[in-house]
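In: here is my input; please provide its structure:
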Amino acid sequence: MRYIAAIDQGTTSSRCIIFDHHGAVVSSSNREHRQIFPRPGWVEHDPEEIWANVKTVVRHALDEAGLTRADLAAVGITNQRETTVVWDRRTGRPVHNAIVWQDTRTDTMLPSFGHPDVFREKTGLPLATYFAGPKLRWLLDNVPGLRERAEAGEVLFGTIDTWLIWNLTGRHLTDVTNASRTLLMNLRSLAWDDEIIEAMGIPRAMLPEIRASVEVYGEATGDLAGVPVAAAFGDQQAALFGQTCFAVGDAKCTYGTGSFLLLNTGTRPVVSQHGLLTTVGYKISGQQAVYALEGAIAVTGSLIQWLRDNLGIIDSADEIEALAASVEDNGGCYLVPAFAGLFAPHWRTDARGVLAGLTGYITKAHIARAALEASAWQTREVVDAMNADSKVDLTGLRVDGGMTANGLLMQFLADVLDVPVVRPVVSETTSLGAAYGAGLAVGYWPDLATLKAQWQASAQWSPAMDPALRDRELAQWRKAVQRTLDWA
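Out: The predicted model follows:
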């Protein structure tokens, strides 16, 4: 019996999960990496630390299962998106720390490119600090000598998938899902857009070749020598694939560091009129690309870490549910975690977090409850925008990610969305999506119908909130959001 490995390189950690033919987890290994904060609003990672951790978790996952590389049919990659790496073509050494998707250092640069929607028709994206293209431009402008080296073809750019594929195979590649998050790729041609590249001042020689998400890119070297590297997806697109959202109208939301709701819109991109992103959902080699609308929420799970690490309200993240459940409601307080501005559907880089409605009655339990409720209300804002763009009301939501273990949050989410919320048996759908893609590419699984038949629900929450209460609380949340604006 052979297996599929998934390398899941996330914002806070790297993991390797090995799956069997039924899509069940055989073994898993995880290792955190440092979060580097050189200045307020700046977030960096060490790409060499990430690569070292990836090699470690691959070895540990194989060892835990008693397997060797010969037992693997393929390996797939999924990764934190938009995080930007530049490295020396000859030595493979990074020229600077990776600039992370959450980083806001490019905010003063963005107006120089024009109106916020100047590239939206081609890319599906607004001008925002979130995306990789402006981060790359910042490196070219601020690392001494880098622009000259880039124009001479001496350095390479990539998001984390490209960095891993380079280290695994020696090839400079990305997939369409990650390329669609750079602000540099044309959604319709699935190629780098010459006009945008010129406007951003980026030497084309730096850019990787764009390939399908499900395709054999080459064979790995090192610990995985000879194993086909056969898929790459940005993490949220991998979760869409792992949740088997293959039909138009299928939607999923992943609750991790941030939260990301994706809706399959089929083989034509839908340009949002309501603050959502248009992105590539996935592309299987030889087939048309499938597109998605996405609502990106910057801070959900990381808000719980903030309560733990910065405020000391809890000692561990898993205490949050019991603390929040110890009170009946939020006591009238609302926590809007606009720590790096507001993402979808607002796209306000000037916003900063607020805790509103405080009275002497409020305890740390009320704040804990308000923190959980913030994840649900932010999802509600995205769903309202998605319903308006797609002209189809959401009828249910598949959820995944670490926060879905919190039953109080999942019930509140069903209540504020007024639709059923369903969690699958395999909650690590990001890794599963990368595994599914790699397995499809090498014939380990025959088709999408086989994958869809494997999906099973483990829990479901149905809405139970009084509509009048829902409407009143939504109005209060919207008032709190207004208080975040015009700070920076």
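
In: the closest residue to V155 other than its chain neighbours: how many residues sit nearby?
Out: Spatial nearest neighbour of V155, excluding adjacent residues (C-beta to C-beta, 6 or more residues apart in numbering): R149 at 5.0 Å. For every residue, glycine as well, the C-beta is placed using N, CA and C. The number of residues packed near R149 is 19, by other C-beta atoms under 10 Å.

In: also E209?
Out: Neighbours of E209 using other C-beta under 10 Å come to 12.

In: hmm, V176 and it touching each other?
Out: No - E209 is beyond contact range of V176, at 11.2 Å (criterion: C-beta atoms under 8 Å).

In: tell me which element the residue nearest to V155 falls in.
Out: helix 146-151 (DSSP states H and E).

In: is it true that L184 touches K135?
Out: No - judged on C-beta under 8 Å, L184 makes no contact with K135 at a distance of 11.2 Å.

In: list the buried residues for the helix of greatest length in the chain?
Out: Assignment by DSSP state H gives helix 364-390 as the longest helix of the chain. By neighbour count on 16 or more other C-beta atoms under 10 Å, the buried set for helix 364-390 is 364-386, 389-390.

In: same check, this time on stretch 157-177
Out: For stretch 157-177, by 16+ other C-beta under 10 Å, it's 157-169, 172-177.

In: restricted to helices, list those residues.
Out: I160, D161, T162, W163, L164, I165, W166, N167, L168, T169, V176, T177.

In: neighbours of E121, just the number please.
Out: Look at E121: counted by other C-beta under 10 Å, it has 13 neighbours.

In: ok now stretch 453-471, how far from the chain's centre?
Out: 23 Å (C-alpha atoms, centre = their mean, to the nearest Å).

In: quick one: contacts of it?
Out: Stretch 453-471 is contacted from outside by 22-23, 243-244, 407, 410-411, 413-425, 427, using C-beta atoms under 8 Å, 6 or more residues apart in numbering.

In: gap between the two ends of that stretch?
Out: End-to-end distance for stretch 453-471, by C-alpha to C-alpha, to the nearest Å: 38 Å.

In: could you do stretch 385-401 as well?
Out: Stretch 385-401 has an end-to-end distance of 22 Å (C-alpha to C-alpha).

In: do stretch 277-287 as well
Out: Note: stretch 277-287 ends 23 Å apart using C-alpha to C-alpha.

In: how far does that stretch sit from its chain's centre?
Out: Distance, stretch centre to chain centre, for stretch 277-287: 15 Å (C-alpha atoms, centre = their mean).

In: for it, buried residues please.
Out: Applying 16+ other C-beta under 10 Å to stretch 277-287 flags L277, T278, T279, V280, G281, Y282, K283, I284 as buried.

In: can you put those residues in CSV and add pLDDT, secondary structure and distance to T254?
Out: Formatted as CSV, the buried residues of stretch 277-287 follow (pLDDT from 0 to 100; DSSP: H, G, I helix; E, B strand; the rest coil; distance: C-beta to C-beta, whole Å):
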residue, pLDDT, secondary structure, distance to T254
L277, 90, strand, 15
T278, 92, strand, 18
T279, 93, strand, 14
V280, 96, strand, 17
G281, 96, strand, 13
Y282, 97, strand, 15
K283, 97, coil, 20
I284, 97, strand, 21
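
In: wasn't R137 part of a helix?
Out: Yes - R137 forms part of a helix when assessed by DSSP: H, G, I helix; E, B strand; the rest coil.

In: so who does it touch?
Out: T106, M109, M200, G201, I202.

In: pLDDT score assigned to it?
Out: On the pLDDT scale, R137 is placed at 97.

In: from P203, how far out is it?
Out: 11 Å (C-beta to C-beta, to the nearest Å).

In: again, but for I160
Out: Separation of I160 from P203 (C-beta to C-beta): 21 Å.

In: repeat for K479
Out: With C-beta to C-beta as the criterion, K479 and P203 are 47 Å apart.

In: of the two, give the one with the bigger neighbour count.
Out: Under the criterion of other C-beta under 10 Å, the comparison of K479 against P203 puts P203 first, with 18 against 13.
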